[in-house]
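1. after the sequence you'll find the predicted model.
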Amino acid sequence: MWPDLTQAPLFPFAVILGVVGILLVFFGILSFFYLQFGKSVVRVLGGLLLLSLGALAGTISVGMIGYRALTREDMAARITVKPAGPKRFEATFRFPDGRQATYQLAGDEVYVDAHIIKWHPYANMIGLHTAYELDRVAGRYHDIKDEKSAERTVHTLAREKPIDLYGIRKRYEFLAPVFDAEYGSASYVPVTKPAEFELRVSTTGLLIRPAKPQKP
């Protein structure tokens, strides 16, 4: 289920710029029919400029779907792990929005990494702040020989989205003055018995720690 687009950053700007741009183009066309060619050109060009800015704001809003604003340290998920055999276990993720998913993994440890988008300070003024998205969960082995030859299990944690801002930033270096896209430092913990962990994310990366008892 897609998050409500009206909660996405810049969505109000996209709507306002789009509506004003359409109106300017409309009145510019009317001016042309009234032989007011100077006004017509100015209004149409101004409208097209606003429509372009609105499209840009809309693109950013759609691209931010699935990302969560990052404060000092956020709870990204609660992870419950349970051994299911030699070097096999299952990990159940419970996310803050109520979603839950269980993954079958091979290895000695549960491994998680994330994408982090860092907007430059001037972008913060229009509501764009550092945000994160969990990327993948995998099984990790203690022994490097097992890492090379044993069964590998990897599952995606990221949601599909129509616009991949992270991928766009990695592909186009000229966007560097606007925002940075980077991997959060991956985190992993051994799975030797049934246990529950908190997966937390901060501006320095990911951290997995034993879960605190939940309040009734």
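-> Good, I have the coordinates.
2. domains in this structure, as residue ranges please.
-> 7-63, 68-210 (automatic domain parsing).
3. from the chain's centroid, how far away is the last one?
-> When you say that, I think you mean domain 68-210. How far domain 68-210 lies from its chain's middle: 11 Å, per C-alpha atoms, centre = their mean, to the nearest Å.
4. with the first one instead?
-> Its chain's C-alpha centre and that of domain 7-63 lie 28 Å apart, by C-alpha atoms, centre = their mean.
5. what mean pLDDT would you report for it?
-> Domain 7-63 shows a mean pLDDT of 74.
6. got the domains of the chain as JSON lines, with mean neighbour count columns?
-> In short, each C-beta sits where N, CA and C put it, glycine included. Putting those into JSON lines (neighbours: other C-beta atoms under 10 Å) gives the following:
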{"stretch": "domain 7-63", "mean neighbour count": "16"}
{"stretch": "domain 68-210", "mean neighbour count": "16"}
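7. lowest-confidence stretch among the ones you listed?
-> domain 7-63 (a mean of 74).
8. and the residue nearest to Arg209 when sequence neighbours are not counted, what are its bridge partners?
-> The spatially closest residue to Arg209, leaving aside those adjacent along the chain, is Glu198, at 5.5 Å (C-beta to C-beta, 6 or more residues apart in numbering). Taking DSSP bridges as the rule, Glu198 bridges to Arg78, Arg209.
9. again with Ala91
-> Beta-bridge pairing of Ala91 under DSSP bridges involves Val81, Tyr103.
10. wouldn't Leu53 be in contact with Leu17 here?
-> Yes. Under the criterion of C-beta atoms under 8 Å, Leu53 makes contact with Leu17 at 5.0 Å.
11. pull the host helix or strand of Gly21 out as PDB, backbone CA atoms only.
-> Using DSSP states H and E, Gly21 sits in helix 11-33. Below are the C-alpha coordinates for helix 11-33, written out as PDB (Å, rounded to 0.1, in the frame of the first residue of the first chain):
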ATOM      1  CA  PHE A  11       3.600  18.100  -2.600                       C
ATOM      2  CA  PRO A  12       1.700  21.300  -1.800                       C
ATOM      3  CA  PHE A  13       4.300  23.300  -3.800                       C
ATOM      4  CA  ALA A  14       3.800  20.900  -6.800                       C
ATOM      5  CA  VAL A  15       0.000  21.400  -6.700                       C
ATOM      6  CA  ILE A  16       0.200  25.200  -6.300                       C
ATOM      7  CA  LEU A  17       2.800  25.700  -9.000                       C
ATOM      8  CA  GLY A  18       1.000  23.400 -11.300                       C
ATOM      9  CA  VAL A  19      -2.400  25.200 -10.900                       C
ATOM     10  CA  VAL A  20      -0.900  28.700 -11.200                       C
ATOM     11  CA  GLY A  21       1.200  27.600 -14.200                       C
ATOM     12  CA  ILE A  22      -1.900  26.200 -16.000                       C
ATOM     13  CA  LEU A  23      -3.800  29.400 -15.300                       C
ATOM     14  CA  LEU A  24      -1.000  31.500 -16.700                       C
ATOM     15  CA  VAL A  25      -0.800  29.500 -19.900                       C
ATOM     16  CA  PHE A  26      -4.600  29.700 -20.300                       C
ATOM     17  CA  PHE A  27      -4.700  33.400 -19.900                       C
ATOM     18  CA  GLY A  28      -1.600  33.700 -22.100                       C
ATOM     19  CA  ILE A  29      -3.500  31.900 -24.900                       C
ATOM     20  CA  LEU A  30      -6.500  34.200 -24.300                       C
ATOM     21  CA  SER A  31      -4.300  37.200 -24.600                       C
ATOM     22  CA  PHE A  32      -3.100  35.900 -28.000                       C
ATOM     23  CA  PHE A  33      -6.600  35.800 -29.300                       C
END
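12. I appreciate the help and will end here.
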